[in-house]
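Colleague: I'd like to go over a predicted model; first the sequence, then the structure.
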Amino acid sequence: MRRALFVLTLVIILVSTWMAFTIGEVVPSEANVTVEKNIVYVHVPSAICTALCLVVVLVAGICYLRTGKDQWDRLGAASAEAALVFATVLNVTGSIFARPFWNTWWAPSPRLISSAILWFLCVAYMILRTNIQNPRHRARICAVFGIIAFLDVPMVFVTARLMTDQHIDNVRFETAAQSASFGLSILGIVLLAALLIWLKTDILQSKAKLERDLT
Amino acid sequence: MNYFWLSFKAIFFKDIVIELRAKRVLPTMVVLGMLIVWILRISCEAASGSTDIMGPAALWIAFLFAGLLAQERSFTTEQHQDCIYGLLLAPVDVGTIFLAKLLVNIVVLCIFEIIIVPVVLLFFQISPSGRWLDLTIVLLLGNIGISSIGTLFSAIVQFSSSLLSIIVLVILLPMMIPATFALLLLFGAIPEELAGTGALAFVGNFKTAVAYMVVFDAIFAVACWLLFGFVVQE
């Protein structure tokens, strides 16, 4: 089952990458910036994926506090880690794009601030997690942190969308091929996130079982 | 309701009296705050002396770290002789404990603000040009946000040995943006006609910045109040 998901994800990502550089290529407005413009096929899906992973963290946190079942804690931890991965990709690709277009790696524009905050929240979650030894305390406190940290996310996104910004507007594609490759890249990256969360949850479960057996 | 007030008052006065008699954190907070302000003022001098831009930053950095010191104390004092268990076993709603502790922290931070704000105004040669009420509102809103997050996470610190609550300040990041801009506008570092343009569009003018702070405060205070029970649950 998981192997099938892995193969499917790999195929979709490869196809969408191929499409991004051939039929789906974003027409450059200036010369020599094609590669940077095509970053949209990684950048935007990563942003969507970070938000989705954080939604999972929120839901897992609420479910853990309600039921007290360990699997929710593991799901939350795995999603937070996936969110950190995609938030890193989001910020790095954003910087790569910003350098040729705005002649700076980072600027205090609303969306850049909001994605930086997302990254900080994910890192803080991971630090909090590694620093509490008692598993029950850790699970409860991480759930609480996940919920409060998530409360920042809609605020950050709403403010960023409402304000004028030097960041380019939400993408509008001209051809069907571009839209198709964009949709496919979103699908590929969301599947990748699901796969990562699944794997990490299993690793955490085995780890918990090992610790239980050892004591 | 009457019972709520009774228990609320008991916890609040217990803590505030302990703090005012023993003066365990206030002096430390003031020294730390002064140190931060002083270092930032010196670095300002080195960089062509644009003091009105650095003033708000100095103020909020001092508040964040001094506030952290104050809030750490609110549950570490309960650890002596396991007082925390007595408090939790008492027939009092945990929400009441949180609200009382929160008010103590707000009051302590207010005292700190009364001391440190004139220092910043003098050091950085800035003034809110007559808008003292606006300044008070902004500082109070920042105070409530910092205190509610700090109070919740000081309860967490008792489960871990390190200064973990520092990491929690990350949650306050989104609120610090409108907070800083509100002060910049108040101190005239940004001309009013420039507000709401370019990179400043994030907060718009003074009124929207204050509105953002109110929203953040409401979300943080309510969420912390609701989640506090889970943190102290044994």
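Modeller: It's in.
Colleague: could you use CA atoms for every contact and neighbour count after this?
Modeller: Noted.
Colleague: nearest residue to the middle of chain A?
Modeller: A:T50 (2.4 Å; C-alpha atoms, centre = their mean).
Colleague: state the distance from that one to chain B.
Modeller: For A:T50, the distance to chain B (C-alpha to the nearest C-alpha, to the nearest Å) stands at 17 Å.
Colleague: that residue reaches A:A87, doesn't it?
Modeller: Yes - between A:T50 and A:A87 there is a contact at 5.8 Å, judged by C-alpha atoms under 8 Å.
Colleague: which pLDDT value does the model give residue 172?
Modeller: The chain I'm using is chain A. A:R172 carries a pLDDT value of 60.
Colleague: actually chain B
Modeller: For B:L172, the pLDDT comes out at 82.
Colleague: what of A:R140?
Modeller: For A:R140, the predicted pLDDT is 88.
Colleague: can you say which helix or strand has it in it?
Modeller: Assessed by DSSP states H and E, A:R140 sits inside helix A:135-162.
Colleague: so which other helices or strands are in contact with that helix?
Modeller: helix A:40-67, helix A:70-102, helix A:110-131, helix B:206-232 (3 or more C-alpha pairs under 8 Å, 6 or more residues apart in numbering or on different chains; DSSP states H and E).
Colleague: the lowest-mean-pLDDT helix or strand in chain B - contacts with which helices or strands?
Modeller: When the helices and strands of chain B are compared on mean pLDDT, DSSP states H and E, helix B:165-168 comes out lowest with a mean of 71. Counting by 3+ C-alpha pairs under 8 Å, 6+ apart, the packing neighbours recorded for helix B:165-168 are helix A:110-131, helix B:51-76, helix B:132-157.
Colleague: burial of B:I39, as a residue count?
Modeller: Residues lying near B:I39 (other C-alpha atoms under 10 Å in any protein chain shown) number 11.
Colleague: I meant B:V94, not that one.
Modeller: B:V94 has 21 nearby residues by other C-alpha under 10 Å.
Colleague: so who does it touch?
Modeller: B:L88, B:F228, B:G229 (C-alpha atoms under 8 Å, 6 or more residues apart in numbering or on different chains).
Colleague: how about the nearest residue to the first one, chain neighbours excluded?
Modeller: Nearest residue to B:L88 in three dimensions, chain neighbours excluded: B:V94, at 7.1 Å (C-alpha to C-alpha, 6 or more residues apart in numbering or on different chains).
Colleague: ok, back up a step: can I get the helices and strands packed on helix B:165-168 in TSV with distance to B:W38 and mean pLDDT?
Modeller: Below are those laid out as TSV (distance: least, C-alpha to C-alpha, whole Å; pLDDT from 0 to 100):
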stretch	distance to B:W38	mean pLDDT
helix A:110-131	28	85
helix B:51-76	9	83
helix B:132-157	20	88
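Colleague: dump these into a markdown table; add mean neighbour count as well.
Modeller: Conversion of those to a markdown table gives the following (neighbours: other C-alpha atoms under 10 Å in any protein chain shown):
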| stretch | mean neighbour count |
| --- | --- |
| helix A:110-131 | 20 |
| helix B:51-76 | 22 |
| helix B:132-157 | 22 |
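Colleague: out of those helices, which is closest to A:I141?
Modeller: With C-alpha to C-alpha as the measure, helix B:132-157 is the member of the helices and strands packed on helix B:165-168 nearest A:I141 (7.1 Å).
Colleague: that closest one vs helix B:51-76, what angle?
Modeller: In terms of direction (axes from the mean of the first three to the mean of the last three C-alpha atoms, to 10 degrees), helix B:132-157 departs from helix B:51-76 by 40 degrees.
Colleague: hmm, helix B:132-157 in reach of chain A?
Modeller: Yes - counting by C-alpha under 8 Å from any C-alpha of the partner chain, contacts between helix B:132-157 and chain A involve B:I156.
Colleague: angle of that helix against helix B:206-232?
Modeller: Using the same axes, to 10 degrees: helix B:132-157 against helix B:206-232 is 20 degrees.
Colleague: can I get the helices and strands packed on helix B:165-168 in CSV with distance to B:V215?
Modeller: Below are the helices and strands packed on helix B:165-168 laid out as CSV (distance: least, C-alpha to C-alpha, whole Å):
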stretch, distance to B:V215
helix A:110-131, 17
helix B:51-76, 19
helix B:132-157, 10
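Colleague: show me where pLDDT drops low in the chain?
Modeller: No chain was given, so I picked chain A. A:24-37, A:155-174 (pLDDT under 70).
Colleague: um, chain B though
Modeller: B:47-49, B:159-165, B:191-204, B:234.
Colleague: need the longest helix for it.
Modeller: Ranked by residue count under DSSP state H, the longest helix found in chain B is helix B:94-123.
Colleague: what residues are up against residue 51?
Modeller: All of this refers to chain A. A:A83, A:V153.
Colleague: can you look at chain B instead?
Modeller: Contacts of B:T51 by C-alpha under 8 Å, 6+ apart are B:R41, B:C44, B:E45, B:F124, B:Q125, B:I126.
Colleague: hang on, B:L64 packs against B:G145?
Modeller: No - if you go by C-alpha under 8 Å, B:L64 and B:G145 don't touch, sitting 10.3 Å apart.
Colleague: any idea how far B:A223 lies from A:F145?
Modeller: According to C-alpha to C-alpha, to the nearest Å, B:A223 stands 11 Å off from A:F145.
Colleague: which of the contacts of B:T51 fall within helices?
Modeller: Those of these lying in helices (DSSP H): B:R41, B:C44, B:E45.
Colleague: which residue sits closest to B:L40, ignoring its sequence neighbours?
Modeller: In space, and not counting its chain neighbours, B:L40 is closest to B:A58: 6.5 Å by C-alpha to C-alpha, 6+ apart.
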